[in-house]
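S.K.: dropping the sequence and predicted coords here.
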Amino acid sequence: MTHDLNSLAVVNFEAALTRLGDSRELLLDMMRFFREDVGMLLDKIEQGLANGDAPATKLASHSIKGLAASFDADRVVELSRRIECLSAEGELSAVEPLLPALQKEVAALMVEFDAYEK
């Protein structure tokens with residue numbers, strides 16, 4: 001099942017905080033971990049596409065999906081899920097047009113992180 005990305009949340013800090021026992025400090029730590037890892041994971045997707053490595057692409061997108069789910073970042077989660085499923089099917093040519101969209105949504109999430117941290 002695919003969703004219209006515009007109908008999905010960029011992030012839901014309230015839900016994330018609730019899951020974390022309202023610990024803003026823990027949420028900020030998780031945001032830091034996401035920032036540290038997501039660039040490398042996006043690079044792994046790009047490298048997987050360039051090398052025809054569907055398992056690497058699948059694993060990296062699965063990791064992004066899990067990290068983003070911590071923040072109810074539904075747009076990033078959905079795009080990562082699509083990439084993961086297509087990679088599992090070996091459909092890397094269908095993944096290629098999704099990578100720029102994922103990069104864009106990750107950037108939008110980072111903007112939200114920046115605003116939240118202030």
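M.R.: Thanks, I have it. Residues are numbered from 1 along each chain as shown.
S.K.: and G52, what does it touch?
M.R.: L92 (C-beta atoms under 8 Å, 6 or more residues apart in numbering). Bear in mind the C-beta positions are built from the backbone N, C-alpha and C, glycine included.
S.K.: repeat for A94
M.R.: L86.
S.K.: per-residue pLDDT of it, please?
M.R.: Looking at A94, its pLDDT is 97.
S.K.: same deal with H3?
M.R.: pLDDT, read off for H3, is 65.
S.K.: now the longest helix seen in the chain: average pLDDT?
M.R.: If each helix of the chain is counted by residues according to DSSP state H, the longest one is helix 24-51. Helix 24-51 carries an average pLDDT of 96.
S.K.: helices along this protein, start to end?
M.R.: Under DSSP H, the chain gives helices at 13-19, 24-51, 54-69, 74-88, 92-95, 98-117.
S.K.: which residues touch the fourth one?
M.R.: Outside helix 74-88, the residues within contact range by C-beta under 8 Å, 6+ apart are 2-3, 5, 8-10, 12, 45, 48, 54-55, 57-58, 61-62, 64-65, 68-69, 92, 94-95, 98-99, 101-102, 105-106, 108-109.
S.K.: give me the buried subset of those residues.
M.R.: 5, 8, 10, 45, 48, 54, 57-58, 61-62, 64-65, 68, 92, 95, 98-99, 101-102, 105-106, 109 (16 or more other C-beta atoms under 10 Å).
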